[in-house]
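Chemist: Predicted coordinates and the sequence they were generated for:
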Amino acid sequence: MSARALAPLVDLLGYARRHLRPGGVALFPKGESYGDELREALDRESFTYELIPSRTDPRAAIIKIDGL
């Protein structure tokens, strides 16, 4: 789990990869640009994700990522 607005998703994936155990899951709260960040990350890497709608901001989401 990271703080919202910590870094772009592509950077967060690098941080997570160093700390996750095999089979680990990362949760990234992202603001309204989460779609753009997700597309950029998918262009660079392969992973599985699930979008969890934010309860506090209808334009935001939590990106749940595994398969890093």
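Modeler: Cool, got the structure. The structure presented is a predicted model; accordingly, all values stated were derived computationally and were not measured.
Chemist: use CA for all of it now, contacts and neighbours both
Modeler: OK.
Chemist: So which bits of stretch 57-68 are buried?
Modeler: Buried residues in stretch 57-68, defined by neighbour count with 16 or more other C-alpha atoms under 10 Å: 60, 61, 62, 63, 64, 65, 66, 68.
Chemist: where are the low-confidence patches of the protein?
Modeler: Across the chain, the ranges flagged by pLDDT under 70 are 1-5.
Chemist: Strands along that one, start to end?
Modeler: 26-30, 48-53, 61-66 (DSSP state E).
Chemist: ok, now which ones touch residue 49?
Modeler: 63, 64, 65, 66 (C-alpha atoms under 8 Å, 6 or more residues apart in numbering).
Chemist: For residue 29, state which of those residues is nearest.
Modeler: residue 63 (6.3 Å; C-alpha to C-alpha).
Chemist: correct me, but the closest one touches residue 50?
Modeler: Yes. With contact defined as C-alpha atoms under 8 Å, residue 63 reaches residue 50; the gap is 6.0 Å.
Chemist: how close does residue 58 sit to residue 31?
Modeler: Here residue 58 is placed at a distance of 9 Å from residue 31 (C-alpha to C-alpha, to the nearest Å).
Chemist: wait, residue 17
Modeler: 22 Å.
Chemist: What is the neighbour count of residue 22?
Modeler: Residue 22 has 10 neighbours, counted by other C-alpha atoms under 10 Å.
Chemist: Where do the helices of the chain begin and end?
Modeler: Remark: helices assigned in the chain by DSSP state H are 9-19, 34-44.
Chemist: Tabulate those helices in a markdown table, adding columns for distance to residue 25 and mean neighbour count.
Modeler: Output for the helices of the chain, formatted as a markdown table (distance: least, C-alpha to C-alpha, whole Å; neighbours: other C-alpha atoms under 10 Å):
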| stretch | distance to residue 25 | mean neighbour count |
| --- | --- | --- |
| helix 9-19 | 9 | 15 |
| helix 34-44 | 16 | 14 |
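Chemist: thinking again about what came up before, any chance of the buried residues of stretch 57-68 in JSON lines, plus distance to residue 26?
Modeler: Formatted as JSON lines, the buried residues of stretch 57-68 follow (distance: C-alpha to C-alpha, whole Å):
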{"residue": "60", "distance to residue 26": "17"}
{"residue": "61", "distance to residue 26": "13"}
{"residue": "62", "distance to residue 26": "10"}
{"residue": "63", "distance to residue 26": "8"}
{"residue": "64", "distance to residue 26": "6"}
{"residue": "65", "distance to residue 26": "5"}
{"residue": "66", "distance to residue 26": "6"}
{"residue": "68", "distance to residue 26": "9"}
